[in-house]
Each structure stands twice: as C-alpha cells, then as structure tokens.
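1. This is a predicted model, with the sequence first.
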Amino acid sequence: MNPLRVFSFGVVLVLLRALFYVTGLDEHACVVSGMLLSRASFVLGPAAVLLALAAPVVAPICFIASACLFALRARDKRARRVRPVLS
Amino acid sequence: MSALKTIVAIALGTAVWIPSLHRFYTPDAREREHVARSLATRAMNERDYEDGAIRAMNPEWEYMARTFTVLGLANRAIDHEDERDASLAAIDRTLDRTKDQAREDQYAFLLPYARASTFVDPDARSVFVDGELLMMIAARDLVSPREDLDDDARGLEASIDRAMRRSPTLSAESYPNEAWTFCNTTALAAMAMFDRARSSPESAEHRALAHDWVLRAKAVLLDEKTGLLVSSFTRDGRVKDGPEGSTIFMSATNLMFVDEAFARDQWARARHELGFTVFGFGLAREWPASWSRKRADIDSGPIVPLLDASAGSSGFAVLGASAFGDDAYRDALIASLDFAALPHDGDRGLRYLASNRVGDAVLFDALTFGPLLRRMQ
C-alpha cells in the first residue's frame, strides 16, 4: 500500500477529532452516560467517543507505519539505482 | 509483497505505540488535584448541576449524586481550609433540600418498581434513602456539627437500627423485599460516623449491631466461589444478584468505617476478581468470571464488549483504590477515564463529557477520600 495513503488516513483521523473538539460536537458524548443534548446525540455521541478512542490509537500507528514504509521505499530506490553499476 | 510490508509496518507501529499510550494519560498528583478542584468548584455552585435531567433518567442516581457530592465536599472542607466555608454552605443547601424531600416522599428517590409492592417490614422505610441521608448528616457533623440536624439524625439512626435488627439477615430493605449490601453497609458506616461525631449514647449498641451484621454477612451473604459479598437479596437471605463491581467496591469502602479487616479482605478479593489493567489502562469487570448470570443493568451502565468492564464498576473501583491505597490501580483507572471519557478543560474547570452527575460525584469522593476516615480514628 502507498505509504502516503497510510499517513493520510492518520491525518484524516486527527483532523476529524479536532473538528469534533473545536466545534463542540464532543458535548454529545454525554449520550453514553444516558444524557441527551438533542436527538442528534444518538449519532454524534457514539461518533465523538469512537473518534476520541481511535485518533490517539490509530493515527500514531499510521504515522509510524508510514514512516517505515517510506524508509523501505527509499531503501528499494537506492538498491535499484545501485544495481546497474554492479552489473 | 507490498501488502505484506504494509502489514508488518502496521504491526511494528502497533507494537511500538500501544504499550506507550497510557503514559500520556496516567495522571500525577497535580493533575489529580486539578480534577478534584474542578469537581469541588462545580459542586459548590449549585447552578452547575441541574437535578431534573438525571432525576428523569434515574432518581436513585440523583440521590447518590447528592450523597457522594456531600462526602467529597466534607473531605475537601477538612483538608482545605480555604474551601471550608463554601463547602459547608453547599453541604447545607443539599442537606436541607434532601431531608425535606426524603421525609415527604421517599419514593421520589426510588425507581418506579418500589411502588409495585409493599415492604415486608411494615414499619420500615427504604434503607437506601435513610442510610445515605444519615451519611450526609454524619459527614457534615464530622467536619463541624450542626445541632439543628440532631433530631433528624437520631430519628434516622433509630429507624435504621430497628429495621436491621428485625430482619432475619440483619439487613433492611432498600426496595420491597430487596436488600442491598451497598445500602446496608452505607447505613452501618453512617451510624459509625454519626456516633463518632456526636459521641452518641447508643454507639455501643450500634457497634454491636455492626459486629453482628458482619458475622451474619459472612455466614449467609458471601458468594461461595469468590468469597465476595453478594449485591442484593431478599429480606430472609435468598440471593437475587451475586457479587457486582458497582456494589462491592462501595461496600468494601463502607466497611472501612465498621470492620477494617473484613473491608480489606473484600477489597483484596474484589481487586483480584474484578480489577485488571490492559496496556496500563485500568478497568473493572461488573461480575466475577465465575458468575453465570451476567447481564447489564441500570447499575452497571454500558459494558465494554470482550472485556466485560463496566462504567459503574470502574467508577466505584476508583473509590476503592483510593480508600485502600492502591495508587497504581487508581491512576490506571483515571488514565482510562482521561482516555475514553472525553475530558475538556474550560472556564468551568475540567469536565468529563461522557460522564454524568453521579459519575462526577463518585469520582469527586474518590479523589478526596481520606479526611473523613481519619476523623474516625
């Protein structure tokens, strides 16, 4: 998989999390303790909690994985550049 | 080959990141104090909490929120001289409101099924309502006695004492033919606290009742497999709900005021059976693995799939961990809260958006626990 896609997935998660935080949509999370801000809380509450859990877990893994993949790709490029000289 | 590299890279990222994640959430003393101060500030400002919403959801929770808020405020009042007057004023507002409402209609604080039948003991009131009210008054008195509540407190003590002695299990009913260890240990702790605050002439009788209750509980209320106190039972001792995290951590904490050795035994068993950590995050199961009738209920709150951890159990586990000095487990539980309960720091201090008033109140009592117990010694 393209390492840029892995990296971008992490960035999207972080941006979504930031969007919920900055716009106050996080407040709907009260639905998990049985309180409601509005009917939208049934959708936005679980979404806020899922994002709050997923962003700090998944995004850094994506960043570490994409760094590894970029490093592997760079190593492969170097190897391809070196091969004609050897032959 | 490319897919394999991606999988290996993600596995590596997971192996590096997941074991380290809890370090970003585990609180230090300064952060715990920040949470406690935020909760204290909101508890002192009655406009910050509306009872209506939580009462509509569960009237028990509204009542328990008042109890744990009063306990937290009393603890802060003892240890923080600068907060003492504001804490006592907030306690008094809650007490005055609560004792009048409880006297007028105890059913206002009970779930609707309380009205479906009558108490087996015709002279008894709900020990849930009376026990927690007595505990609020006793906590107030351990900070600074309020003479005008004396008659109310002594009336509650006498009523609870009679109802417990008349019961074959020495446990009074919280609901018709339904006794809870949570409520009965709260009542015993409340009587011990009030007797300590007022040097009550009946204190020897209450100590004897507590001693007999512990003996009876060891005989008929312990789960065979775990040795934990069951949660609820009929007045004559038929078990309804086995050991539950949302009950046992509070019961063990209450027993610290009554029988420290038995309290520590129950805490150790509950910690072993229910408490656990996953990559540094603390959680607590609602039921022991050996209990067969596992079902989510209003006390457990949402259950985390696969882990069997519940919000109710994990919340009360913070109280238990604070009371019994298990600092590492307490901080691991708070790390879970900081991770999953959406903490927001704003002009009203720190709030957990996924929590509610009763969750806040239990956390408040947990983070301030200690001063009231010290006054007992």
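-> Sure thing, it's come through.
2. tell me which residues of stretch B:275-284 are tucked away?
-> B:275-276, B:280-284 (16 or more other Cβ atoms under 10 Å in any protein chain shown). Just so you know, the C-beta spots here come from the backbone N, C-alpha and C atoms, and that holds for glycine as well.
3. tell me, which of these make contact with chain A?
-> Counting by Cβ under 8 Å from any Cβ of the partner chain, the subset of the buried residues of stretch B:275-284 that neighbours chain A is empty.
4. Nearest to chain A among the residues you listed?
-> B:F281 (11.0 Å; Cβ to the nearest Cβ).
5. Who are the contact partners of the closest one?
-> Contacts for B:F281 (Cβ atoms under 8 Å, 6 or more residues apart in numbering or on different chains) come out as B:22, B:25, B:332, B:335-336, B:339.
6. tell me which element residue 9 is part of?
-> Unless you meant another one, I'm taking chain A. helix A:3-23 (DSSP states H and E).
7. actually chain B
-> helix B:2-21.
8. Just want the angle from that helix to helix A:3-23.
-> Using axes from the mean of the first three to the mean of the last three Cα atoms, to 10 degrees, the direction of helix B:2-21 lies 40 degrees away from that of helix A:3-23.
9. For the following helix or strand past helix B:2-21, which outside residues touch it?
-> Next helix or strand after helix B:2-21 toward the C-terminus (DSSP H and E): helix B:29-44. Contact partners of helix B:29-44, identified using Cβ under 8 Å, 6+ apart, comprise B:27, B:48-49, B:69, B:72-73, B:76, B:83, B:86-87, B:89-90, B:334, B:348-351, B:360-361, B:363-364, B:367-368.
10. same for the helix holding B:A9, what does it pack against?
-> Packing partners of helix B:2-21 (3 or more Cβ pairs under 8 Å, 6 or more residues apart in numbering or on different chains; DSSP states H and E): helix A:3-23, helix A:41-86.
11. Could you rerun that using 7 Å?
-> Packed against helix B:2-21 by the contact rule (3 or more Cβ pairs under 7 Å, 6 or more residues apart in numbering or on different chains; DSSP states H and E) you find helix A:41-86.
12. which residue is nearest the middle of chain B?
-> By Cα atoms, centre = their mean, chain B has its centre lying nearest to B:M250, at 4.5 Å.
13. List the residues that contact that one.
-> B:182, B:316, B:319 (Cβ atoms under 7 Å, 6 or more residues apart in numbering or on different chains).
14. before we move on, the earlier item: for the helix holding A:F9, which positions count as buried?
-> A:3, A:6-7, A:9-10, A:13-14, A:16-17, A:20-21.
15. Tell me where the chain is predicted with low confidence.
-> No chain in the question, so chain A it is. Applying pLDDT under 70 to chain A picks out residues A:83-87.
16. um, chain B though
-> If you take pLDDT under 70 as the line, chain B has these spans: B:1, B:47-52, B:292-301.
17. Nearest to chain A: which residue in it?
-> B:G13 (3.4 Å).
18. what's the helix or strand for the closest residue to B:R165 other than its chain neighbours?
-> The shortest distance from B:R165 to any non-neighbouring residue, by Cβ to Cβ, 6 or more residues apart in numbering or on different chains, is to B:L209 (6.7 Å). Assigned by DSSP H and E, B:L209 falls within helix B:203-220.
19. and the nearest residue to B:E132 once chain neighbours are set aside, what does it touch?
-> Nearest residue to B:E132 in three dimensions, chain neighbours excluded: B:T67, at 4.3 Å (Cβ to Cβ, 6+ apart). Residues near B:T67 by Cβ under 7 Å, 6+ apart: B:132, B:135-136.
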